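**Q** Sharing a model that was predicted from the sequence below.
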Amino acid sequence: MDEAIVEHVRTSSLHPIYSKGLLRAAAAQLGGPESMESEKQWRLIDRRLQALRRAGKITYSRKVEKGHGQWQVVQPNDDGDGTQT
């Protein structure tokens, strides 16, 4: 799930909780049908987003484009320690 979220953040400006592909993956991980209650799906995606943010793999920047915030993948610096320069 985490790899799918990072790839989505890298390739799309759509917020991850609105991604149909991620919602389907969340439903599969929760063991339910795709049509299951969407609140459980987006809550799982949101929990993983926050865990990835705490791990330093993604960041959320406010008001990046058109007044809205956006998730971004953290690019490792030349030292390879995963921090931004």
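**A** Here it is on my side, so go on.
**Q** Could you pull out the helices in the chain for me?
**A** 2-11, 20-30, 38-54 (DSSP state H).
**Q** would you list the ones you listed in a markdown table and tack on mean pLDDT, distance to residue 62 and mean neighbour count?
**A** In short, each C-beta sits where N, CA and C put it, glycine included. Shown next, in a markdown table, are these (pLDDT from 0 to 100; distance: least, C-beta to C-beta, whole Å; neighbours: other C-beta atoms under 10 Å):
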| stretch | mean pLDDT | distance to residue 62 | mean neighbour count |
| --- | --- | --- | --- |
| helix 2-11 | 95 | 15 | 16 |
| helix 20-30 | 91 | 22 | 17 |
| helix 38-54 | 93 | 13 | 16 |
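**Q** Go through those and name the closest to residue 72.
**A** Nearest to residue 72 among the helices of the chain is helix 2-11; the distance by C-beta to C-beta comes to 6.7 Å.
**Q** list the contacts for residue 28?
**A** Shown in contact with residue 28 (C-beta atoms under 8 Å, 6 or more residues apart in numbering): no residues.
**Q** now residue 70: how far from residue 9?
**A** Going from residue 70 to residue 9 by C-beta to C-beta, to the nearest Å gives 9 Å.
**Q** Identify the residues contacting the nearest residue to residue 41 once chain neighbours are set aside.
**A** Distances taken as C-beta to C-beta, 6 or more residues apart in numbering place residue 26 nearest to residue 41, at 4.0 Å, with adjacent residues excluded. Residues near residue 26 by C-beta under 8 Å, 6+ apart: 1, 40, 41, 42, 44, 45.
**Q** quick revisit: now the helices of the chain in JSON lines, with distance to residue 75?
**A** Output for those, formatted as JSON lines (distance: least, C-beta to C-beta, whole Å):
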{"stretch": "helix 2-11", "distance to residue 75": "10"}
{"stretch": "helix 20-30", "distance to residue 75": "22"}
{"stretch": "helix 38-54", "distance to residue 75": "14"}
